[in-house]
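> Just need the structure, nothing else, for what follows:
(2 chains)
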Amino acid sequence: MPSFATSPGTRDILAPDAPRWRLFQQTFADVVELAGFAHIIPPMFEDLGVFLRVGETTEIVTKEMYDFEDKGGRRVALRPEQTASVCRAFVEHRPVTPWKVWYAGPNFRYEKPQQGRYRQFDQVGIEVLGVDDPQLDAEVIGLAVEFYRRLGLQGVQLSVNSLGDSGDRDRYAVALRTHFSANIDALSAESRATLERNPLRVLDSKRQEDAALIAAAPKMADHLSDEAAAHFVDVQSALLSAGVGFIVDDRLVRGLDYYRRTTFEFVSTALSAAHVAIGGGGRYDGLVAELGGPDTPGIGFALGLDRTLLACDAEGVFAPPPGRVDVFVVDATGGTHAGAVCAELRAAGIGTDRAYDARSMKAQMKSADRAGARLAIIIGEDEAAAKTAIIRTMEGGSQHIVQRDALIAQVRQALHG
RNA sequence: GUGGGCGUAGCUCAGUUGGCUAGAGCGCCAGGUUGUGGUCCUGGAGGUCGCGGGUUCAAGCCCCGUCGUCCACCCCA
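Prediction:
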């Protein structure tokens, strides 16, 4: 037994998953950079206070934060998400608006691990600061939809809702509290506890016994200010004219307290209930101000890399890239020529690998096969003496002798010719 | 954090009411094929049965604890 293994909720990402991750992030970058988004790489830990803005009542803050005191006595935390960091960066650097950024990288939450739920988990996402326009809401949502399309996903459902402005949200919370308190006996014990902390989240309960009471609960739509209601109407019509399919879910309440007005969530119909939410986002118009900046609207989303890939697997799309080498050098002279041949091929930009330890030609051919090489370059004593090499096509098994100094040209022709 | 299922070879898993030296398939290595992979045949390496304690003449199997993983709740991506 090994002495060490990864900590709970963390894991090594090996091939072929690692190149798939890279392709995932690259595909995302391609989509959003085409829309004018610039890359931002925030630090993985910051002052705890930055993340407390996620919401004092959320579990992310109350029990899942990786926070600690560093050697200088600073109270810091590993980031549980990146929106708050982006807003902090906005306040710190004051870029011109609209500020459009994208990010990719790991976040940390101390949760009980499950499939599709890790303590270190990766997200990709975008944020736009400084624009209030409902057109932007639709554009941001549309970029996520476009990204899913690029991955090949079909079964992604978009739900949208408006949580109104902060005053609306507070009034709605009071209305919900009144509603549920009046029927407290019908409410599950867990939901009673949730009601204490955050009445809106009771709407998220999946328990059967709560279903009827939730269905009868007051609607957010009836508590929106005129401005928020108008904004939401405009978002919906912009989505419609952009051809983005969606459903309005007036019980969609996202877990982060900073959300205002437009909120949305993507669920995969190909996944089981536990991790159907593969992405989500919304407006957070008060967050920049809370972090000490000017009153600045903001909107963005984050997509879970792991869960999105689970959805891809469930749909059989976005297969891992092969990640192979084109040429494998088989040296039956004991390995004295392989190094030079590899260096020559690699310098010419041709992906090349070799075997070591002077293994038998049979073993080296097997390695060539396993490496997925299209060509084997075979050099034995005869070829070494004659300054030649054999080029063997792995698929089909035809081979021919070429002069050593013509090797690169011959390999190129065999690969592309 | 609560409740439950499962931890045996690198991987997927068998292992009877506790009973000789713990098995299979795949993978890996070697040979069959004295210069050639993918098929086939033969052989080989590889295990403190997650870890610790207990019961017993005897524990992979039973009991307790612990760690890990998976599922549901919770939460969320």
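
> burial count for the residue in chain A that RNA strand B sits nearest to?
Distance from RNA strand B to each residue of chain A (C-beta to the nearest atom of the strand) is smallest for A:G255, at 1.8 Å. Where C-beta positions appear, they are placed from N, C-alpha and C, glycine not excepted. Other residues near A:G255 number 17, with proximity taken as other C-beta atoms under 10 Å.

> Do I have it right that it meets A:R201?
Yes. Between A:G255 and A:R201 there is a contact under C-beta atoms under 8 Å: 7.0 Å.

> Name all residues that make contact with A:R177.
A:L195, A:P199 (C-beta atoms under 8 Å, 6 or more residues apart in numbering).

> Let's see the pLDDT reported for A:A386.
pLDDT for A:A386: 95.

> The one 10 residues further on too?
A:G396 is assigned a predicted lDDT (pLDDT) of 88.

> do the same with A:A277
For A:A277, pLDDT reads 86.

> Where does pLDDT dip in chain A?
Scanning chain A for pLDDT under 70 picks out A:1-3, A:273-275.

> Domain parsing of it, as residue ranges.
A:17-165+A:225-315, A:327-416 (automatic domain parsing).

> Single out the most deeply packed of those domains.
domain A:17-165+A:225-315 (a mean of 18; mean count of other C-beta atoms under 10 Å).

> Compute the first-to-last residue distance for that domain.
17 Å (C-alpha to C-alpha, to the nearest Å).

> Also stretch A:375-395?
The first and final residues of stretch A:375-395 sit 8 Å from each other (C-alpha to C-alpha).

> got the contact list for that stretch?
A:326-333, A:336-338, A:341, A:345, A:361, A:365, A:368-369, A:373-374, A:398-405, A:407, A:410-411, A:414-415.

> what does the stretch 1-150 of chain A have sitting close to RNA strand B?
A:1, A:5-9, A:58-60, A:64, A:81, A:109, A:111-118, A:121, A:123 (C-beta under 7 Å from any atom of the strand).

> 6 Å instead, please
A:1, A:8-9, A:58-60, A:109, A:111-115, A:117-118, A:121, A:123 (C-beta under 6 Å from any atom of the strand).

> out of those residues, who's nearest A:R169?
Minimum distance to A:R169 across those is 14.1 Å, recorded for A:T58 (C-beta to C-beta).

> The closest one contacts A:G255, doesn't it?
Yes. Look at A:T58 against A:G255 with C-beta under 8 Å: they come within range, at 5.7 Å.

> Helix, strand, or coil at A:V91?
Counting by DSSP: H, G, I helix; E, B strand; the rest coil, the backbone at A:V91 sits in helix.

> separation between it and A:W99?
Shown here: A:V91 relative to A:W99, a distance of 11 Å by C-beta to C-beta, to the nearest Å.

> In contact with A:G152, which residues are there?
A:C312, A:E315, A:V317, A:F318.
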